[in-house]
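# Could you look at this predicted model? Sequence included:
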Amino acid sequence: MAEAAVNFALETLGPLLVEEIRLWGESYRFRSIDEPSSSGTRNVIPHDSRVRSFFVEDDEVVGIESIKRKLIDLMVNGRSERSVVAVVGVGGLGKTTLAGKLFNNDGLKTHFSSRAWVTVGKEYNKNELLRTVIKEFHSFSGQPTPVEIHKMEEMELITTLRGHLKDKNYMVVFDDVWKIDFWGDVEHALLDNKKCGRIIVTTRHMNVAKACKSSSPVHIHELETLPPNEAWKLFCRKASGPSSGGCCPSELKELSQDILGKCEGLPLAIVAVGGLLSTKNRVVSEWKKLFDRLGSILGSDPHLKDCNRVLSEGYHDLPHHLKSCLLYFGLFQESCKVNCARLIRLWIAEGFVQYSKRPTSEQVAEEFLNELIDRSLVQVSERDISGRASICQVHDLMHEIIIRKTEELGFGRPLNGEDLSHCSKTRRITIQGSIDDGALESIKDSKVRSVFLFNVDKLMKLLDLEDAPVDYLPEGVGNLFNLHYLSVKNTNVKIIPKSIGNLLGLEILDLKNSLVRELPVEIRNLKKLRYLMVYQYHYTSGSSVAGAAVAKVHQGLGSLTDLQKLSIIEADSQALDELMKLRRLRKLGIRPQNGNGKDVCALIANLENLESLTSLSSPPQYLQRLYLTGNMKKLSDWIFKLKNLIRLGLELSGLAEELFHHLLELRLTGTYEYELFHFEAGWFPKLQKLLLWDFVAVKSVIIEKGAMPDIRELRMGPCPLLMEIPTGIEHLQNLKLLVFACM
């Protein structure tokens with residue numbers, strides 16, 4: 001029997017349950033991780049401390065009853081062929097608990113003639129895994145284990161297992177699977193006998209679940225955190241104890257909500273923190289003290305040790321390059337929602353992603369982010385219309401673990417006004433409060449290489465001044481010769497100093513929504529520059545875009561041949577000639593002068609890698625996003641050939657209605673010459689988002705049945721003459737969000 005399970009029983013369930021657990025464990029053959037198998041080799045552990053999931057009290061199980069019923073129905077009434085149910089989610093969500101409730105369900109016990117449960121874990125031996133599956137099936141069927149099993153090799157083990165399953169409808173649970181190639185190790189042994197074989201896999205990795213699709217139908221259930229009401233019920237039960245009836249004293253309610261907020265709906269965290277609170281006096285001062293110290297005691301307090309271990313496992317399983325990427329979240333504040341595009345640029349500037357032409361460094365970095373998401377370590381807060389993650393974050397308790405790890409490794413740390421002398425071994429800092437000049441001087445000779453506020457360390461690689469209260473960049477910025485990333489986004493900076501030409505390693509220059517209107521000629525020295533963003537949108541009182549202030553560039557821009565994103569610049573004939581040399585551009589924003597239309601078309605045709613264009617011109621075939629400005633009665637024929645177009649924005653357009661079969665998002669902005677929008681049946685079959693903004697003449701909107709059948713989001717306004725809800729809006733069965741603004 002697993003020692004951890006005994007300890008848990010002694011500490012938590014009381015002596016009356018010890019014998020019950022011992023007998024139950026023997027019947028299921030639990031072993032300590034150090035206990036050898038009969039073959040003398042290290043054994044795959046059928047259960048370790050995860051046995052606790054089978055003894056979770058009913059008052060600790062919330063929010064899974066409807067999920068359990070759905071999965072039971074799927075397992076009993078589904079197809080006759082072998083199929084997989086994959087339960088995916090971050091550690092601590094209750095995947096094992098849910099699988100245990102299914103495994104021990106009386107109806108499923110009766111339905112399946114043979115069952116097995118195997119805890120797989122990070123590391124396993126393939127043959128030992130197969131031996132364990134055979135033993136488990138024989139044990140639950142009441143049959144003796146084959147005598148020579150310890151001598152069998154892979155083919156014999158597969159044959160033995162297939163023979164056992166030949167005439168049985170079976171269910172097997174593989175709990176805590178980490179490796180993507182796991183399915184390849186077991187799929188041939190688990191016979192598809194057309195008798196409703198069911199396989200349950202619990203995993204943190206979405207790719208593990210997807211890998212099962214290679215040879216079996218797979219139902220993937222992504223387990224989510226508890227909704228606020230369920231989380232509150234569970235917290236009160238655990239924190240208040242049985243004697244209180246699960247009620248929270250009124251004087252502790254506000255503080256309890258703050259503590260619960262740290263858990264962010266994670267059941268394991270709620271149970272652990274609630275259990276710890278139940279040992280404290282029910283007074284505000286005691287609970288406040290714990291709230292303030294929660295992050296620091298996460299790894300040391302016995303009540304929180306399991307929670308810390310479960311969350312930390314995900315980090316320790318990462319390859320080295322992904323560990324650095326995950327640790328980067330420690331530079332942001334707790335609960336911070338991080339822009340994915342910005343994060344990717346920061347990773348590249350830090351050197352976490354090796355330079356690559358095909359696929360591009362940006363594409364590789366996006367793959368890194370997606371892997372962290374697939375491993376359930378990073379949560380997606382928002383996705384764009386194409387399904388790509390646009391905003392992400394990490395769980396608050398994971399953030400605490402990351403902070404401890406970043407400080408331990410000297411990777412970095414966020415600061416909030418404290419003494420910077422503690423940063424002597426830290427390579428990255430985020431200054432989130434006001435820091436005086438003397439404090440900044442204290443890290444001149446430190447190991448800091450990246451900072452999110454101004455610093456004079458010449459070896460610095462990253463300088464992010466976004467949203468900082470600064471209005472100028474000193475000439476001294478040119479002395480930061482190791483700088484790869486420079487941002488003055490959302491600041492009052494007006495002039496970029498000529499010394500910027502000294503930053504020969506600079507890759508990313510973000511001047512968005514600053515007051516910069518002209519780039520110095522020295523910018524042409526930045527041969528490694530890949531991103532150059534310089535513009536500022538102006539808005540009307542109704543929050544619609546009134547225009548954009550763009551920047552003027554000088555001769556020599558064409559020497560920046562590594563540029564992939566450039567937006568938005570004045571495009572006179574000289575600038576267009578320079579742009580012709582930038583063959584790697586993927587995103588381009590320009591404001592052409594009148595009479596330059598022909599040259600613009602020639603430019604766009606020359607940029608074969610272009611994916612996004614903000615202009616009025618003919619784009620290449622791979623274009624995904626297009627924003628057109630001008631007064632057009634009809635779209636050019638080439639637009640209808642854009643099979644990859646998913647976003648279209650039309651500003652100040654007199655365009656007649658056109659049909660786009662592939663379009664996912666449509667934005668129409670500006671003065672429309674008609675009084676009626678009429679969406680006919682069959683129009684925009686894939687459209688999900690529609691924005692109709694600032695149409696002063698429109699009086700009526702008609703939507704026929706069959707128009708925009710997949711629309712999810714519709715935003716309108718200001719439309720002062722539109723007095724009624726669009727006719728036919730009831731036909732939009734998939735509509736999730738309807739907004740009328742400034743009407």
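Structure's in. What do you need?
# Secondary structure of T491: a helix, I assume?
No: read with DSSP: H, G, I helix; E, B strand; the rest coil, T491 is coil and lies in no helix.
# The strand or helix carrying W117: which residues count as buried?
If you go by DSSP states H and E, W117 is part of strand 114-121. If you call a residue buried by 16 or more other CB atoms under 10 Å, then strand 114-121 has these buried ones: S114, R115, A116, W117, V118, T119, V120, G121. The way it works is simple: take the backbone N, C-alpha and C, and place the C-beta from them, glycine included.
# partners of the fifth one in the sheet?
Under the criterion DSSP bridges, V118 forms beta bridges with F174.
# Just confirm V701 is within a strand.
Yes: under three-state DSSP, V701 sits within a strand.
# Tell me how many other residues crowd it.
21 (other CB atoms under 10 Å).
# Show the contacting residues for it.
If a contact means CB atoms under 8 Å, 6 or more residues apart in numbering, then V701 has L676, F677, H678, F679, L692, M716, L722, P726, T727 as its contacts.
# List the residues that contact the nearest residue to D181 once chain neighbours are set aside.
Leaving aside its sequence neighbours, D181 sits nearest to A211 (CB to CB, 6 or more residues apart in numbering; 7.4 Å). Contacts were defined as CB under 8 Å, 6+ apart; by that measure A211 touches I180, D181, F182, W183, G184.
# Point me to the helix or strand that includes A211.
Going by DSSP H and E, A211 is part of helix 206-211.
# Tell me the first helix or strand C-terminal of that helix.
strand 218-222.
# just for the stretch 301-450 of the chain, where's the confidence low?
For the stretch 301-450 of the chain, the stretches flagged by pLDDT under 70 are 301, 303, 356-357, 414-425, 431-450.
# Name the nearest of the contacts of A211 relative to T406.
Nearest to T406 among the contacts of A211, counting by CB to CB, is I180 at 27.7 Å.
# Look up how far W683 lies from the closest one.
Per CB to CB, to the nearest Å, I180 is found 42 Å from W683.
# Check E230 too.
42 Å.
# With neighbour numbers in mind, choose between those two.
W683 (19 against 16).
# Ignoring the adjacent residues along the chain, who's closest to the more buried one?
Per CB to CB, 6+ apart, closest to W683 is A707, 4.7 Å.
# ok, that neighbour touching F684?
Yes: contact criterion CB atoms under 8 Å: A707 and F684 qualify, at 6.8 Å.
# Let me know the pLDDT of the residue of the chain positioned farthest from its centre.
The C-alpha centroid of the chain is most remote from V147, which lies 48.8 Å away (CA atoms, centre = their mean). Here the pLDDT value assigned to V147 is 84.
# next one: D175
D175 is given a pLDDT of 94.
# what's it in contact with, if anything?
R50, K95, T96, A99, W117, V118, T119, V120, T202.
# Same check on I402?
With CB under 8 Å, 6+ apart, I402 has these contacts: Y315, L326, L327, F329, G330, V394.
# so where's the stretch 1-150 of the chain shaky on pLDDT?
Counting by pLDDT under 70, the low-confidence segments of the stretch 1-150 of the chain come to 1-62.
# Go again with 50.
Along the stretch 1-150 of the chain, segments meeting pLDDT under 50 span 1-49, 55.
# Where do the helices of it begin and end?
Along the stretch 1-150 of the chain, the segments classed as helices by DSSP state H, counting those that start in this stretch run 3-8, 15-28, 65-77, 95-103, 106-111, 126-140.
# just how off-centre is the last one within its chain?
Right, the one you point to is helix 126-140. Relative to its chain's centre, helix 126-140 lies at 36 Å (CA atoms, centre = their mean, to the nearest Å).
# Kindly report the same for the fourth one.
Its chain's average C-alpha position is 25 Å from that of helix 95-103, according to CA atoms, centre = their mean.
# check which helix or strand covers the residue nearest the centre of the chain.
In the chain, the C-alpha nearest the mean C-alpha coordinate belongs to V380, at 3.3 Å (CA atoms, centre = their mean). Here V380 sits within strand 379-383, counting by DSSP H and E.
# Using PDB, write out every CA atom in that strand.
Extracted in PDB, the C-alpha atoms of strand 379-383 (Å, rounded to 0.1, in the frame of the first residue of the first chain):
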ATOM      1  CA  GLN A 379      -4.600  30.300 -19.900                       C
ATOM      2  CA  VAL A 380      -6.100  32.000 -22.900                       C
ATOM      3  CA  SER A 381      -8.100  35.100 -21.900                       C
ATOM      4  CA  GLU A 382      -9.000  36.200 -25.400                       C
ATOM      5  CA  ARG A 383      -8.700  34.800 -29.000                       C
END
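# Packing partners of it?
Judged by 3 or more CB pairs under 8 Å, 6 or more residues apart in numbering; DSSP states H and E, the packing partners of strand 379-383 are strand 389-393.
# Can you give me the buried ones in the strand it packs on?
Neighbour counts over strand 389-393 (16+ other CB under 10 Å) mark A389, S390, I391, C392, Q393 as buried.
# my read: the last one touches C340, true?
No: look at Q393 against C340 with CB under 8 Å: they stay out of range, at 10.4 Å.
# hang on, the earlier thing: and the angle for the strand holding W117 with helix 95-103?
Interaxial angle of strand 114-121 relative to helix 95-103 (axes from the mean of the first three to the mean of the last three CA atoms, to 10 degrees): 170 degrees.
# between strand 114-121 and helix 126-140, how many degrees?
Counting by the same axes, to 10 degrees, strand 114-121 lies at 140 degrees to helix 126-140.
# Distance from stretch 75-89 to the middle of the chain?
The answer for stretch 75-89 is 26 Å, by CA atoms, centre = their mean.
# hmm, I was thinking of stretch 74-86
Counting by CA atoms, centre = their mean, stretch 74-86 is centred 29 Å from the centre of its parent chain.
# Next, the distance between the ends of it.
Terminal residues of stretch 74-86 lie 12 Å apart, using CA to CA, to the nearest Å.
# which residues of the stretch 251-400 of the chain fall in helices?
267-277, 284-297, 305-316, 320-327, 340-350, 361-374, 396-409.
# Just say which of those is most tucked in.
helix 267-277 (a mean of 24; mean count of other CB atoms under 10 Å).
# quick revisit: got the contact list for the residue farthest from the centre of the chain?
So V147 contacts nothing (CB under 8 Å, 6+ apart).
# I'd like the distance between it and H138.
Note on V147: its distance to H138, by CB to CB, is 11 Å.
# Which residues are in contact with each of the two?
In contact with both V147 and H138: no residue, using CB under 8 Å, 6+ apart.
# S216: neighbouring residues, count only.
Neighbours around S216, by other CB under 10 Å: 16.
# ok, now T159?
12.
# Could you tell me whether it really is in a strand?
No: using three-state DSSP, the assignment for T159 is helix, not a strand.
# any idea of the pLDDT on it?
Note on T159: pLDDT of 94.
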